[in-house]
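> Structure for the following, please:
(one chain, ligands or ions: 1)
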Amino acid sequence: MNQSIFDAGRVPSGTSSISIRDLSLNFPIFHGGARSLKKLLFKRGKAALTSSRGLRTGGEVRMDRPDGGPVYVQALNAVSVEIRAGERVGLIGHNGAGKSTLLRVMAGIYMPDAPNVHIRGQVAALLDVNSGMNPELTGRENITLMGRHKGLTTAQIRQLEQDVEEFAQLDTFLDLPVRLYSSGMIVRLGFGLATAITPQILLMDEWFMAGDFHFQERAEKRLSSVVNKTDILVITSHALDVLEKWCTRLIWMEGGQIHRDGPTADVMAAYRVAMYEPDHHT
Ligand SMILES: Nc1ncnc2c1ncn2[C@@H]1O[C@H](COP(=O)(O)OP(=O)(O)OP(=O)(O)O)[C@@H](O)[C@H]1O
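Below you'll find the model as predicted:
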């Protein structure tokens, strides 16, 4: 692909960075269940529901004051992280630890104006497999739509279409509405589209591993050529071998906080030990 057409937001190569200082993010609970949680918190005279052995699933459920106030899930709690060009970072931790939320902050989806979040460089986020896709349109029409959205010329859109068609190998399905696709077929199209350009900062959730074996092989190949050219990769996955393969640094999250941050081998060794602790649900 011609890279010059996607230059918006680019900075000189090797100068991309992610800087997040003391960031907290709460999701208010409006569901009826919030009332019983509130009662429970009130009964315990506490502002937060945390198990005595440490909360291993989900963020902390909190109430503004021990005597009442709105109930919310604290997805991120005072998170500070600096990532420089050249780093390949993996986010690990239990279900609900805050990994996807942190990725969404980095992608500018949550809190895009937060003064303590600074993202320098052109970002591509592979977070939701069908994000930006219109299920009523065919795969080919979706490619065109994205091309137009990016301001490409007709010739450039054709180039994009060829590239994605070759990679996704959807054959006749490329000309059928996306709502008829299986989840793996959507992954093929979404992944092909998202990796048709080389961003400076690539943020990925683990869904890209969802295709069949042949797709995964080709996806890995395509991904490594993209990753080799990006300044920064941040990826979250429960597949530890994937993280060991791709990452130079791991950030281990627990209950919305950074529990440990360091070279992959060190953090992974400690994580594996913790995983086999009898009370650990990671
Ligand atoms: N849109 C939302 N509305 C309300 N709560 C949310 C929302 N998104 C996430 N949460 C809550 O925030 C916490 C962190 O969720 P997040 O998705 O970041 O976890 P995760 O580490 O990516 O988990 P997993 O490994 O299961 O994907 C969880 O307790 C979750 O219930």
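
> Just say helix, strand or coil for whatever residue of the stretch 101-250 of the chain ends up closest to the ligand.
Closest residue of the stretch 101-250 of the chain to the ligand, CB to the nearest ligand atom: residue 101 (3.3 Å). Heads up, the C-betas are built off the backbone N, CA and C, glycines and all. Judged by DSSP: H, G, I helix; E, B strand; the rest coil, the three-state class of residue 101 is helix.

> In space, what's closest to it - neighbours in sequence excluded?
residue 75 (4.3 Å; CB to CB, 6 or more residues apart in numbering).

> Can you name the residues that contact the one you found?
25, 26, 27, 59, 98, 101, 256 (CB atoms under 8 Å, 6 or more residues apart in numbering).

> let's see 6 Å
Listed by CB atoms under 6 Å, 6 or more residues apart in numbering, the contact set of residue 75 reads 25, 27, 59, 98, 101, 256.

> Now do the third one against residue 101, distance only.
Note on residue 59: its distance to residue 101, by CB to CB, to the nearest Å, is 8 Å.

> Let me see the ranges of the strands in the stretch 101-250 of the chain.
117-120, 123-126, 201-204, 232-236, 249-254 (DSSP state E, counting those that start in this stretch).

> quick check: mean pLDDT across the last one?
The pLDDT scores in strand 249-254 average 97.

> Contacts for the helix or strand that it is followed by next, please.
Sequence-wise, the next helix or strand downstream of strand 249-254 (DSSP states H and E) is strand 257-263. Identification of contacts with strand 257-263 by CB under 6 Å, 6+ apart yields 77, 79, 251, 252, 267.

> Sticking with residue 22, tell me its helix or strand.
Element membership for residue 22, per DSSP H and E: strand 17-28.

> how far off strand 232-236 does that strand point, in degrees?
30 degrees (axes from the mean of the first three to the mean of the last three CA atoms, to 10 degrees).

> For PyMOL, what selects the buried ones among the contacts of residue 75?
Provided next is the PyMOL selection string for whichever of the contacts of residue 75 are buried by 16 or more other CB atoms under 10 Å:
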select buried, resi 25+59+98+101+256
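
> if I pick residue 88, what's in contact with it?
Residue 88 makes contact with 233, 246, 247, 248, according to CB under 6 Å, 6+ apart.

> What residues are bridge-paired with it?
Here residue 88 sits in beta bridges with residue 233, going by DSSP bridges.

> how about the residues of this protein that lie near the ligand?
27, 58-59, 73, 75, 93, 95-101 (CB under 6 Å from any ligand atom).

> switch the cut-off to 8 Å
Residues of the chain lying near the ligand by CB under 8 Å from any ligand atom: 27-29, 57-59, 61, 73-76, 91, 93-104, 205-206, 236, 238, 253, 256.

> before we move on, back to that, compare the mean pLDDT across the strands of the stretch 101-250 of the chain and name the weakest.
Among the strands of the stretch 101-250 of the chain, strand 123-126 carries the lowest mean pLDDT, at a mean of 85.

> counting contacts, what elements does that one pack onto?
Using 3 or more CB pairs under 6 Å, 6 or more residues apart in numbering; DSSP states H and E, the elements in contact with strand 123-126 are strand 201-204.

> ok, residue 144 - contacts?
With CB under 6 Å, 6+ apart, residue 144 has these contacts: residue 157.

> Check what pLDDT it gets.
What the model reports as pLDDT for residue 144 is 94.

> Equivalent analysis for residue 43, please.
At residue 43, pLDDT is 63.

> List the beta-bridge partners for the closest residue to residue 194 other than its chain neighbours.
Closest residue to residue 194 apart from its sequence neighbours, by CB to CB, 6+ apart: residue 126 at 4.7 Å. Residue 126 has these beta-bridge partners by DSSP bridges: residue 204.

> you'd agree residue 77 is up against residue 24?
Yes - the pair residue 77 / residue 24 is scored as a contact, 5.5 Å apart, by CB atoms under 6 Å.

> With neighbour numbers in mind, choose between those two.
Neighbour count, other CB atoms under 10 Å: between residue 77 and residue 24, residue 77 has more, with 21 against 14.

> helix/strand/coil for the more buried one?
With three-state DSSP as the basis, residue 77 sits in strand.

> per-residue pLDDT, it?
With respect to pLDDT, residue 77 scores 93.
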